[in-house]
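S.K.: Got a predicted structure plus its sequence, pasted below:
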Amino acid sequence: METTRFEQKLNQYADLLLRIGLNFQPGQELAINATGSAETMTPFIRRVAESAYRAGARYVDVVWMDEQLQRIQLAEAVEESLAYVPAWRLQRGLALLEKDGAYLALYSPNPDLLAGQDTGRITALSRARAFANRPFAEAVQRGEISWLVGSVPGADWAGRVFPDLPEAERIPALWEALFGVLRLDRPDPVAAWQAHLDQLQARCAWLSQRQLAALQFTGPGTDLTVGLPPAHRWLGGRADTRSGRPFTPNLPTEEVFTMPHREQVDGVVRSSRPLSLNGVLIEDFTLTFRGGRVVDVSAARGEAMLRQLIETDEGAGRLGEVALVPDSSPISRSGLLFYDTLFDENAACHLALGAAYRLCLPDGAQMSDDVFKAAGGNVSAVHHDFMIGSDRLDVTGGEANGARTPLLRQGEWAFDLPVSPEN
């Protein structure tokens, strides 16, 4: 039977997740956590499993959750059950670490899944899961395993992105949008990604060498200074496991990022895109920082959920990530609002509330929490990105000697690198 163009692109996407994303090796085990309806997730999970077994997988282990089960739990379960997380969830992840396996989180976003649910119950459930999963999440941040997050279009997500299209055309339209931002429309997607990742790493090397003391963000509603700790490293595109195996944790990815100093963030910042947090949309919000911590919050929609996120633990109201993304990224050029952080964060500069990535400091992966915090790193059970970039945002680097270096002007890179353009 002849393979259609659409099926070919789906197969290329599955291969891209394994080859560029996880850098999957023969003999490895692949653990897939899938969230979404069976109708949406099952066909693509099967394609990923086929790709993994063709690549020599020892075993493909899939745990799937119907997203509606979370809504049912929130609506019907007794209060005490919201804090319960089965021990096997963490044990499965820790066992995968021992086997040097690979971890793939596949989900079909539903930005309004929990709209109308009690925000206190949502917070209780998400907090319990975050704390229960913290040992595995911290191991991931230390680079002990190759991991990847990927998305699959479903009816709810496609309806949010393309509400004006006839229902039958929405999912195909969203797939086509994904093919574009994932560079699957290039003659050789793998080569295009390799060139793009090389460019990201060249920018990371340049920024790391500068050892900027701070970043200044200025734009509509934003005047924020973000201090950077000594010896910080910029990361982006590729990462490395502790065993030295490169992988790409997010597809798509357009960012270069580092770790803010947890006590050196001051000023005000305004979101430029909605944030979908635990199934609730938070829109048009502003955060005010003093001494590294959020001291004031306002939002046109979802303010209660945002406040509860910040109160999760001591580190949830501080920054753990600062990321630079040019406004001309493929996702931004698409003109679409995806209502999903994986995509929208790669359309715009962004910050993250919560835990910092320990790999942004030399030997950060080996530091205790107290030592990491003393070095400027933030520790928290949560990590949530929110978008602040636009074609009106300027970013300036401040050096220790007082010199100022333009990094982005009107959303675009203000410095050039001697690298070959991506394919």
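M.R.: Great, that's in hand.

S.K.: Give me the buried stretch members for the longest strand along the chain, please.
M.R.: If you go by DSSP state E, the chain has its longest strand at strand 280-290. Applying a neighbour-count criterion of 16 or more other C-beta atoms under 10 Å, one finds 280, 281, 282, 285, 287, 289 buried in strand 280-290. In this view, the C-beta of every residue, glycine as well, is placed from N, C-alpha and C.

S.K.: ok, the host helix or strand of residue 61: who's next to it in the sheet?
M.R.: Applying DSSP states H and E as the criterion places residue 61 in strand 59-65. Paired neighbours of strand 59-65 in the sheet (DSSP bridges): strand 29-35 (parallel).

S.K.: For residue 417, see how far away the nearest residue to residue 247 once chain neighbours are set aside is.
M.R.: Distance criterion C-beta to C-beta, 6 or more residues apart in numbering; nearest residue to residue 247, sequence neighbours excluded, is residue 146 at 3.9 Å. Distance of residue 146 to residue 417, given as C-beta to C-beta, to the nearest Å: 27 Å.

S.K.: Between those two, which has more neighbouring residues?
M.R.: Neighbour totals were compared for residue 146 and residue 417, and residue 146 leads with 27 against 11 (other C-beta atoms under 10 Å).

S.K.: My understanding was that the more buried one contacts residue 243; is that so?
M.R.: No - using C-beta atoms under 8 Å, residue 146 is not in contact with residue 243; the gap is 9.4 Å.

S.K.: Buried residues, the lowest-mean-pLDDT helix or strand in the chain. List them.
M.R.: Sorting the helices and strands of the chain by mean pLDDT, DSSP states H and E puts helix 134-141 at the bottom, at a mean of 80. By neighbour count on 16+ other C-beta under 10 Å, the buried set for helix 134-141 is 134, 136, 137, 138, 139, 140, 141.

S.K.: Following the chain onward from that helix, which element is next?
M.R.: Sequence order places strand 146-151 as the next helix or strand after helix 134-141, per DSSP H and E.

S.K.: got the residue ranges for the helices in the stretch 101-250 of the chain?
M.R.: Along the stretch 101-250 of the chain, the stretches classed as helices by DSSP state H, counting those that start in this stretch are 119-132, 134-141, 155-161, 167-181, 189-210.

S.K.: what packs against the fourth one?
M.R.: Counting contacts by 3 or more C-beta pairs under 8 Å, 6 or more residues apart in numbering; DSSP states H and E, the secondary-structure elements packed against helix 167-181 are helix 5-16, helix 155-161, helix 330-333.

S.K.: Below-threshold pLDDT in the stretch 301-423 of the chain: ranges please.
M.R.: 418-423 (pLDDT under 70).

S.K.: in it, which spans are helices?
M.R.: For the stretch 301-423 of the chain, the helices defined by DSSP H, counting those that start in this stretch cover 303-310, 330-333, 341-344, 369-374.

S.K.: before we move on, back to that, identify the residues contacting the residue nearest to residue 247.
M.R.: By C-beta atoms under 8 Å, 6 or more residues apart in numbering, the residues touching residue 146 are 22, 23, 24, 102, 103, 241, 245, 247, 249.

S.K.: And the fourth one, how close does it get to residue 94?
M.R.: Meaning residue 102. From residue 102 to residue 94 the distance is 15 Å (C-beta to C-beta).

S.K.: Would you mind writing the CA trace of stretch 262-276 as PDB?
M.R.: Output of stretch 262-276 as PDB, limited to C-alpha atoms (Å, rounded to 0.1, in the frame of the first residue of the first chain):
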ATOM      1  CA  ARG A 262      17.300  33.600  42.800                       C
ATOM      2  CA  GLU A 263      17.700  36.800  44.900                       C
ATOM      3  CA  GLN A 264      18.600  39.300  42.100                       C
ATOM      4  CA  VAL A 265      15.300  39.800  40.200                       C
ATOM      5  CA  ASP A 266      13.700  43.200  40.500                       C
ATOM      6  CA  GLY A 267      11.000  45.100  38.600                       C
ATOM      7  CA  VAL A 268       7.800  44.300  36.700                       C
ATOM      8  CA  VAL A 269       7.100  41.900  33.900                       C
ATOM      9  CA  ARG A 270       4.000  41.500  31.800                       C
ATOM     10  CA  SER A 271       3.000  38.300  30.000                       C
ATOM     11  CA  SER A 272       2.800  38.400  26.200                       C
ATOM     12  CA  ARG A 273       0.900  35.200  25.700                       C
ATOM     13  CA  PRO A 274      -1.600  33.200  27.800                       C
ATOM     14  CA  LEU A 275      -0.300  30.500  30.100                       C
ATOM     15  CA  SER A 276      -2.200  27.200  30.300                       C
END
